[in-house]
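1. Need the 3D shape of this:
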Amino acid sequence: MIGRLNHVAIAVRDIAAATAVYRDTLGARVSQAVPLPEHGVTTVFVELPNTKIELLEPLGADSPIARFLEKAPDGGIHHLCYEVGDIRAARDRLVEAGARVLGDGEPKTGAHGKPVLFLHPKDFCGTLVELEEA
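-> Numbers count the residues shown, from 1 in each chain. The predicted structure is shown next:
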């Protein structure tokens with residue numbers, strides 16, 4: 001059901017500083033910062049040959065990333081995103097198997113402009129999983 005790893009998301013306090021690490025220290029190609037108010041984050045994508053790294057900075061105190069950083073002040077891996085061919089079919093199969101979809105269970109538009117869903121970390125070895133329709 002899952003396809004390729006689309007990205008690994010890392011929560012950061014300072015997206016400009018984190019971007020500089022990937023761009024200037026590691027020599028990676030990075031996108032411009034894009035605020036996504038509907039998700040409570042600002043994102044930067046680090047382009048790698050085989051996947052992406054998504055840097056997430058909280059956009060406001062109510063951001064889920066702000067809450068994550070309260071528990072992990074230095075930041076860290078927030079979630080893994082896998083591609084699926086049909087997000088609704090994947091959701092239905094996962095729910096039938098006992099997995100919990102976060103939120104209202106309906107796909108939302110993600111940072112790439114494609115439908116996404118998040119799956120409860122307790123159902124996936126302690127890891128928050130994002131599914132993105134390919």
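
2. who's the nearest residue to residue 51 once chain neighbours are set aside bridged to?
-> Nearest non-adjacent residue to residue 51, counting by CB to CB, 6 or more residues apart in numbering: residue 5, 5.0 Å away. C-beta here means a position set from N, CA and C on the backbone, and glycine is covered the same way. Beta bridges link residue 5 to residue 82 when assigned by DSSP bridges.

3. per-residue pLDDT, residue 5?
-> Per-residue pLDDT puts residue 5 at 98.

4. what's the burial count for it?
-> 13 (other CB atoms under 10 Å).

5. List the residues that contact residue 66.
-> 40, 58, 60 (CB atoms under 8 Å, 6 or more residues apart in numbering).

6. mind checking how far the residue nearest to residue 37 when sequence neighbours are not counted is from residue 113?
-> Using CB to CB, 6+ apart and skipping residues adjacent in sequence, the residue nearest residue 37 is residue 59, 6.2 Å away. To residue 113, residue 59 is 18 Å away according to CB to CB, to the nearest Å.

7. which one of those two has more residues nearby?
-> residue 59 (19 against 7).

8. pretty sure the more buried one contacts residue 38?
-> No - if you go by CB atoms under 8 Å, residue 59 and residue 38 don't touch, sitting 9.8 Å apart.

9. And the spatially most distant residue from the centre of the chain, how far from residue 122?
-> Largest separation from the mean C-alpha position in the chain: residue 96, at 23.7 Å (CA atoms, centre = their mean). According to CB to CB, residue 96 and residue 122 sit 18 Å apart.

10. for residue 34, same thing?
-> Residue 34 is 30 Å from residue 122, where distance means CB to CB.

11. next one: residue 68
-> 16 Å.

12. Comparing these two, which residue is more hemmed in?
-> For residue 68 versus residue 122, the count of surrounding residues by other CB under 10 Å is larger for residue 68: 18 against 11.

13. so that one, which of the three states?
-> With DSSP: H, G, I helix; E, B strand; the rest coil as the basis, residue 68 sits in helix.

14. Let me know the pLDDT of residue 1.
-> 89.

15. number of nearby residues for it?
-> Going by other CB under 10 Å, the residues that sit close to residue 1 add up to 11.
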